[in-house]
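Asks: Turn this into a model:
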Amino acid sequence: MVTIFMPQDHRLQQQRFELKYLVEASLIGGIRDFVSAYLELDEYGVGQSDFAYPVHSVYLDSDDLDTHHQTINGTKNRYKLRLRYYDDQPASPVFFEIKGRVDNCILKRRCGVRRDAVVPLLNGRWPMPEQFVTTEPRHFAALEQFLLRMHSLNASPKLHNSYRREAWVSPHDNSVRVTLDRQVRVEPHADFSAAVSMRDPTLIYAPTVILELKFTDRFPNWFNGLVQRFNLMQSAAAKYSGAVLLLGEAQFRHPKIMALPAAKPARPASIAEILTLAEF
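Replies: Model prediction:
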């Protein structure tokens with residue numbers, strides 16, 4: 001079995017705190033300089049002109065959009081089901097991920113599989129041993145939980161989002177992490193593919209950038225300095241629920257299977273169109 005490492009795979013923290021801010025793009029250069037005094041650029045951003053790499057997610061939900069409503073209702077303990085991947089190369093894994101919130105803590109569990117296992121898994125079939133990209137039992141347990149929750153919700157793919165992520169990490173243990181997500185594009189997605197192309201995407205949160213401060217233990221003192229230096233105001237930026245609210249629930253309740261023609265430029269949506277949400 002071949003183990004394949006992708007951005008964040010080998011350093012994923014299962015439990016952490018996250019604070020979000022919507023930041024004007026003009027501040028990013030200064031924030032980057034500030035953060036670089038404490039953290040190092042994620043290895044997948046090194047050499048990139050914008051210091052970033054692509055991230056894709058396909059969110060699953062019930063036709064009644066239960067996980068979306070848990071978010072907008074502020075349910076204290078909740079979760080989302082999603083596929084997470086970084087490109088469409090045949091050798092690159094697709095991660096089946098449960099992202100949950102318990103009180104104020106973010107919990108992540110996931111399992112990576114080969115691309116040829118995605119459709120069978122979404123149809124409820126357990127992968128063949130050679131289709132896993134891991135041998136760790138905790139990853140198998142995460143996939144089992146994913147499938148149990150998917151069946152319990154009768155969940156299916158609803159939304160594809162993609163964006164460019166610039167990530168700064170603590171050098172040795174990833175206990176502190178700062179990410180800058182920009183060019184966030186979303187569109188309804190009802191088929192079982194882990195596609196990277198988009199048919200008619202909509203930009204959300206543009207022209208601002210989503211800044212996330214992540215830590216596993218205490219809030220670092222220098223985070224306070226960053227917030228004060230750039231006069232940052234904590235906000236919410238729900239990539240899934242914000243998109244559902246923006247595009248309208250009707251597009252996700254009875255989705256049609258869509259082909260995936262060549263990508264088109266994203267059309268922008270104003271921030272005012274997106275409701276402020278508690279996000280995970």
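Asks: rest of the way, CA atoms for contacts and neighbours
Replies: Will do.
Asks: Which parts of the chain are helices?
Replies: Assigned by DSSP state H, the helices in the chain fall at 28-35, 66-72, 118-122, 137-153, 221-229, 239-247, 250-253.
Asks: So which of the ones you listed is the most surrounded?
Replies: Most buried of the helices of the chain, by mean neighbour count (mean count of other CA atoms under 10 Å): helix 239-247, with a mean of 22.
Asks: where in the stretch 1-150 of the chain is pLDDT low?
Replies: Low-confidence segments of the stretch 1-150 of the chain, defined by pLDDT under 70: 1-14.
Asks: ok, now with 80
Replies: 1-15, 103-104 (pLDDT under 80).
Asks: can I get the CA coordinates of stretch 67-80 in PDB?
Replies: Extracted in PDB, the C-alpha atoms of stretch 67-80 (Å, rounded to 0.1, in the frame of the first residue of the first chain):
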ATOM      1  CA  THR A  67     -26.600  20.100   8.800                       C
ATOM      2  CA  HIS A  68     -27.100  23.500   7.200                       C
ATOM      3  CA  HIS A  69     -30.000  24.200   9.600                       C
ATOM      4  CA  GLN A  70     -27.900  23.100  12.500                       C
ATOM      5  CA  THR A  71     -25.500  25.800  11.600                       C
ATOM      6  CA  ILE A  72     -28.000  28.600  11.100                       C
ATOM      7  CA  ASN A  73     -29.900  27.600  14.300                       C
ATOM      8  CA  GLY A  74     -26.700  27.700  16.300                       C
ATOM      9  CA  THR A  75     -26.900  24.100  17.400                       C
ATOM     10  CA  LYS A  76     -24.200  23.800  20.100                       C
ATOM     11  CA  ASN A  77     -22.900  20.400  19.000                       C
ATOM     12  CA  ARG A  78     -23.000  19.800  15.300                       C
ATOM     13  CA  TYR A  79     -21.100  18.400  12.300                       C
ATOM     14  CA  LYS A  80     -20.700  18.500   8.600                       C
END
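Asks: Tell me which of the helices of the chain sits nearest to residue 96.
Replies: With distances scored as CA to CA, the stretch of these nearest to residue 96 is helix 137-153 (6.6 Å).
Asks: thinking again about what came up before, with distance to residue 106 as added columns, please give the helices of the chain in a markdown table.
Replies: Output for those, formatted as a markdown table (distance: least, CA to CA, whole Å):
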| stretch | distance to residue 106 |
| --- | --- |
| helix 28-35 | 22 |
| helix 66-72 | 13 |
| helix 118-122 | 24 |
| helix 137-153 | 15 |
| helix 221-229 | 18 |
| helix 239-247 | 15 |
| helix 250-253 | 26 |
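Asks: what about the nearest residue to residue 132 once chain neighbours are set aside, neighbour count?
Replies: Leaving aside its sequence neighbours, residue 132 sits nearest to residue 113 (CA to CA, 6 or more residues apart in numbering; 4.4 Å). Counted with other CA atoms under 10 Å, the neighbours of residue 113 add up to 26.
Asks: State the distance from residue 113 to residue 84.
Replies: Residue 113 is 11 Å from residue 84, where distance means CA to CA, to the nearest Å.
Asks: Which neighbours do those two have in common?
Replies: Common contacts of residue 113 and residue 84 (CA atoms under 8 Å, 6 or more residues apart in numbering): 94-96.
Asks: Which of those fall within strands?
Replies: With strands defined by DSSP state E, the entries of the shared contacts of residue 113 and residue 84 inside them are 94-96.
Asks: Just the buried residues of those.
Replies: Among those, those scoring as buried are 94-96 (criterion: 16 or more other CA atoms under 10 Å).
Asks: for the residue nearest to residue 132, what are its contacts?
Replies: Taking CA under 8 Å, 6+ apart as the test, what residue 113 contacts is 93-96, 127, 131-134.
Asks: hmm, try it at 10 Å
Replies: Going by CA atoms under 10 Å, 6 or more residues apart in numbering, residue 113 touches 3-4, 91-96, 121, 127-134, 143.
Asks: correct me, but residue 133 touches residue 116?
Replies: No - Residue 133 is beyond contact range of residue 116, at 11.9 Å (criterion: CA atoms under 10 Å).
Asks: between the two, who's got more neighbours?
Replies: residue 133 (22 against 15).
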